[in-house]
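Colleague: Sharing a model that was predicted from the sequence below.
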Amino acid sequence: MADSWVNSAEGIGADLHLELAGSGGRRAALIDALREAVRGGRLAPGTGLPPYRSLAADLGVARNTVADAYAELVAEGWLTARQGSGTRVAARAEPLDAHARVPVKAPARARGPRHDLRQGTPDASSFPRAAWLASYRRALQQAPNEAFGPGDPAGRIELRRALTEYLARVRGVRTEPGRIVVCSGFAHALRLLFPAVLRGPLAVESYGLGFHRELLAAASVRTVPLSLDEDGARVGELGRERGVLLTPAHQFPTGGPLHPERRAAVIDWARARGGVIVEDDYDGEFRYDRKPVGAVQGLDPE
């Protein structure tokens with residue numbers, strides 16, 4: 001006998017998977033499964049268990065079977081039962097099994113610096129939770145039923161339409177929904193370009209984002225470095241490469257934008273060579289000394 005049960009009913013507070021296995025009958029199997037859940041830490045001290053009737057219905061067993069199992073575990077000290085508060089996991093300092101797979105207390109995290117100025121670590125405390133939650137609820141209420149099933153691999157058309165308008169307004173990008181693919185980040189987008197578009201050699205900025213180099217190396221793409229100065233990447237060094245990877249809005253780590261003349265020059269190079277420009281719009285929305293510069297894509301969407 002081997003049955004499984006996943007409970008999300010009242011009392012547990014989270015899904016609990018029980019394996020009812022063995023040849024001793026349902027009662028013995030349920031006792032063993034609950035005992036193992038407590039021993040392993042999946043049922044924490046004080047956790048309330050479902051009422052007899054609810055659990056019996058989920059398992060497809062008699063109510064007396066659940067009542068007997070609970071009673072035996074109470075007698076053994078695994079559970080407690082009080083009038084009005086139901087059946088709960090007995091209070092323990094730690095799981096009985098010293099080799100429990102799930103620790104009762106998570107290890108304390110090391111205290112970080114008071115001011116963390118490393119790149120890639122935004123101030124998460126300023127995330128607009130209230131506004132996000134309100135928008136999330138509104139979207140859930142208004143979404144059509146098909147939005148919760150398998151969708152277009154390129155992303156929901158409503159999102160791509162919104163991005164088309166936003167990118168045109170904020171970044172000067174000229175595109176249409178059918179030419180947008182929603183990714184989980186630039187690293188995901190870069191991977192999608194291998195090997196169909198980026199087969200190398202690929203020109204890259206001499207000092208750039210580390211994950212760019214790691215992804216290119218993992219894909220065995222041969223790279224050619226472009227030197228940098230106060231005007232950004234020296235695109236005049238481009239030759240017979242198949243493409244170029246740039247951060248023209250905010251070069252990392254220098255922070256400067258690509259000079260207008262060099263933007264025009266890299267477009268001319270791509271037209272003449274039939275090359276591909278891959279633009280990482282890194283921090284494109286953030287400027288502190290002037291208005292944000294538009295994306296290079298707007299100069300020649302093709």
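Modeller: All right, it came through fine.
Colleague: Phe252 and Ala67, how far apart?
Modeller: Distance, Phe252 to Ala67, by Cβ to Cβ, to the nearest Å: 64 Å. C-beta: built from backbone N, CA, C; applies to glycine.
Colleague: I'd like to know how many residues surround the residue nearest to His259 when sequence neighbours are not counted.
Modeller: Closest residue in space to His259, ignoring its immediate chain neighbours: Asp231 at 3.7 Å, by Cβ to Cβ, 6 or more residues apart in numbering. Number of residues near Asp231 (other Cβ atoms under 10 Å) recorded here: 15.
Colleague: Need phi/psi at Asp231.
Modeller: phi -100, psi 10 (degrees, to the nearest 10).
Colleague: check contacts around it.
Modeller: The neighbourhood of Asp231, defined by Cβ atoms under 8 Å, 6 or more residues apart in numbering, consists of Gly256, Leu258, His259, Glu261, Arg262.
Colleague: neighbours around Arg240, how many?
Modeller: Neighbour tally, Arg240, other Cβ under 10 Å: 9.
Colleague: close enough to count as contact, it and Gly274?
Modeller: No. Arg240 is beyond contact range of Gly274, at 11.1 Å (criterion: Cβ atoms under 8 Å).
Colleague: And Phe211, how far from Pro253?
Modeller: Applying Cβ to Cβ to Phe211 and Pro253 gives a distance of 13 Å.
Colleague: Buried residues of stretch 115-127, list them for me.
Modeller: Within stretch 115-127, no residue is scored as buried using 16 or more other Cβ atoms under 10 Å.
Colleague: scratch that, stretch 42-60 is what I was asking about
Modeller: Buried-residue list, stretch 42-60, by 16+ other Cβ under 10 Å: 42-45, 47, 49-52, 54-56, 58-59.
Colleague: middle-most residue in this protein, spatially?
Modeller: Ser184 (7.6 Å; Cα atoms, centre = their mean).
Colleague: Roughly how far does that one sit from Thr80?
Modeller: On the measure of Cβ to Cβ, Ser184 and Thr80 end up 46 Å apart.
Colleague: could you dump the strand or helix carrying Ala270 to PDB, C-alpha only?
Modeller: Ala270 is part of helix 260-273 when elements are defined by DSSP states H and E. The C-alpha coordinates for helix 260-273 follow below in PDB (Å, rounded to 0.1, in the frame of the first residue of the first chain):
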ATOM      1  CA  PRO A 260      26.800  60.900 -29.900                       C
ATOM      2  CA  GLU A 261      29.400  60.700 -32.700                       C
ATOM      3  CA  ARG A 262      30.300  57.200 -31.700                       C
ATOM      4  CA  ARG A 263      26.600  56.200 -31.600                       C
ATOM      5  CA  ALA A 264      26.300  57.300 -35.200                       C
ATOM      6  CA  ALA A 265      29.600  55.600 -36.000                       C
ATOM      7  CA  VAL A 266      28.600  52.200 -34.700                       C
ATOM      8  CA  ILE A 267      25.300  52.400 -36.600                       C
ATOM      9  CA  ASP A 268      27.300  53.100 -39.800                       C
ATOM     10  CA  TRP A 269      29.600  50.200 -39.100                       C
ATOM     11  CA  ALA A 270      26.600  47.800 -38.600                       C
ATOM     12  CA  ARG A 271      25.000  49.000 -41.800                       C
ATOM     13  CA  ALA A 272      28.200  48.500 -43.800                       C
ATOM     14  CA  ARG A 273      29.100  45.200 -42.300                       C
END
